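next comes the sequence, and after it the predicted model I'd like to discuss.
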Amino acid sequence: MTALWTSEAIAAATAGKASAAFAVNGVAFDSREIGPGDLFIALKGEHSDGHLHVDQAIASGASGVLVSQPVDGPHILVSDTALALDALAQASRSRTDAKIIGVTGSVGKTGTKEALYAALHRCSFGKAHRSVKSYNNHVGVPLSLARMPQDSQYGIFEMGMNHADELSALTRLVRPHAAIITAIAPAHIGNFPDGEAGIADAKAEIFEGLMPDGTAIIPHDSPHYPRLREKARRHTAHIVSFGFEAGADVRAIDVVAAPRGGSLVTAKLGDQSLCFTIAEAGQHWVSNSLAILAAVRATGGDLASAGLALAEMSGIDGRGRRHLVSLKSGGKAMVIDESYNANPASMKATLQHFAAEAAAGRKILLLGAMGELGEQSAQYHQALAQDIERCAADAIILVGEDMTYTAAKLEQGLDRGVKMSHATDASEALTEVAKLLSDGDFLLVKGSNYLGLSAAVSALVSGEY
């Protein structure tokens, strides 16, 4: 097996000095994730210093460490480990001939990235690489690049942002051959004085890193489509739109519900037609699938493999995974885990799908507040009440301070037979859920990540509640 990196190559990439010769097969900056043969990068943060965990990393099997101060054990000494990580990422990108795809958007990034990986991993016989989890920021993206094997045929990288100019730096590291914007929605809108237009501009920064003759893939049905197209045109002549409306280059022309959930889709790609199944339910997944097909075609992948991958996709933890949990009171309940994050667009899409669920028992909502909405938070949380009402849920548990606005709006028109409570945190919400759940119930859990609703899901799945 060829090593991912040798100490010689790491030192050359980072302008560092190696204390000894060694080779590594993985890269990590969290000492808790270190496995045998890994490189540990000792990053310094506001509240932590990786150098304090070097001994732990070596004890866990690290073959070497990247540090900015001398340590015992095999290491590469550099002046700044954060800059060295970026340099290692740049070296990784420069040494590969892989086709690279960058993915951003207000919603759907991780699911799209995972589906692209599944499609391209299949057609390249295991030679695809992608960023894991949601490693999409100024540390996660270079780490994901540094982990890419040199002989990869495809690389898929998720890129996120909270402020303007963040994607600009990330995309110049990734240098994608194809860049996708899944959708524009009011996520992190509190950080953008210009509202969604500002978010669209920030997301369009992904096109700044496109390779020559690269392809920009943008949502045709978005009200910001003209703005995105204009931004893309500054960096490439190859622009592909996707959507449901006439005029989209990759268009869903027929969508019907699949017998076992999900959707059966017929899509038009220029002069080609493709019929395929999506295991994941909801119109937002149909939209994501069109962007996926566009990217696969733009990078020379196999469309049939993409269709098979979409048919086999299962939910991702925190983003739609379903758990049939055993209850202490007896029986089983279905828990739909959407706990990773929430914004107005993803809340609407998720609640619309939940409204159509064919539940054997009661439908219960555990909904957390949506973060980073700034001065418009009250407005967005009030508007959420209408989508909740359409779910016809039997019980509703709201979590977080901003859900006060939602609760007040719901109280004006909610059916009196619906149980509603308002918890201050995830622990209190779990207590409420444990009292409610009974055999056959469907529970949807969704909220912004800072509330920690994933802990409530974990407790229900493990039975430790």
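Sure, I can see it.

from here on, contacts and neighbour counts on C-alpha atoms
Will do.

any idea how far the residue lying closest to residue 424 once chain neighbours are set aside is from residue 447?
Nearest non-adjacent residue to residue 424, counting by Cα to Cα, 6 or more residues apart in numbering: residue 400, 5.1 Å away. Taking Cα to Cα, to the nearest Å as the measure, residue 400 falls 9 Å from residue 447.

list residues touching both of the two?
The overlap between the contact sets of residue 400 and residue 447 (Cα atoms under 8 Å, 6 or more residues apart in numbering) consists of 368, 369.

who's more crowded, those two?
residue 447 (28 against 20; other Cα atoms under 10 Å).

excluding its backbone neighbours, what's nearest that one?
residue 368 (3.9 Å).

tally of neighbours for the one you found?
Neighbours around residue 368, by other Cα under 10 Å: 31.

in this protein, which residue is closest to the centre?
Centroid check for the chain by Cα atoms, centre = their mean gives residue 110 as the closest residue, at 2.5 Å.

host element of that residue?
According to DSSP states H and E, residue 110 maps onto helix 109-123.

so what secondary structure elements neighbour the helix or strand following that helix?
Next helix or strand after helix 109-123 toward the C-terminus (DSSP H and E): strand 128-130. Using 3 or more Cα pairs under 8 Å, 6 or more residues apart in numbering; DSSP states H and E as the contact test, the elements touching strand 128-130 are helix 109-123, strand 154-158.

strand 128-130 pairs with which strands, and in what direction?
strand 154-158 (parallel) (DSSP bridges).

which SSE is immediately downstream of the strand it pairs with?
Moving toward the C-terminus from strand 154-158, the next helix or strand (DSSP H and E) is helix 166-174.

between that following helix and strand 154-158, how many degrees?
160 degrees (axes from the mean of the first three to the mean of the last three Cα atoms, to 10 degrees).

run through the helices of the stretch 201-350 of the chain in chain order.
Using DSSP state H, counting those that start in this stretch, the helices of the stretch 201-350 of the chain run over 225-233, 283-298, 303-312, 344-355.

tell me which residues in stretch 352-362 are buried?
Residues of stretch 352-362 classed as buried: 352, 354, 355, 362 (neighbour count, 16 or more other Cα atoms under 10 Å).

just stretch 185-199 next, same as before
By 16+ other Cα under 10 Å, the buried positions in stretch 185-199 come out as 185-192, 195-199.

how does the chain divide up, domain by domain?
5-84, 96-312, 321-462 (automatic domain parsing).

low-confidence ranges in this protein?
Filtered on pLDDT under 70, the chain yields no residues whatsoever.

try 80
Along the chain, segments meeting pLDDT under 80 span 1, 134, 187-191, 193, 259-261, 314-317, 358-360, 413-416.

show me the strands in the stretch 201-350 of the chain, by range?
For the stretch 201-350 of the chain, applying DSSP state E, counting those that start in this stretch gives strands covering 215-219, 238-243, 250-257, 263-269, 272-278, 321-326, 332-338.

same check on the stretch 1-150 of the chain?
Using DSSP E, counting those that start in this stretch, strands in the stretch 1-150 of the chain cover 5-6, 17-18, 23-24, 26-28, 38-41, 64-67, 75-77, 99-104, 128-130.

just checking: what are the partner strands of the fourth one?
Think strand 26-28. In the sheet, strand 26-28 lines up against strand 38-41 (parallel) (DSSP bridges).

just the CA atoms of the strand it pairs with, as PDB, please.
The C-alpha coordinates for strand 38-41 follow below in PDB (Å, rounded to 0.1, in the frame of the first residue of the first chain):
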ATOM      1  CA  ASP A  38      -1.900   8.800  11.100                       C
ATOM      2  CA  LEU A  39      -0.300  12.300  11.000                       C
ATOM      3  CA  PHE A  40      -1.500  14.500  13.900                       C
ATOM      4  CA  ILE A  41      -1.500  18.200  13.200                       C
END
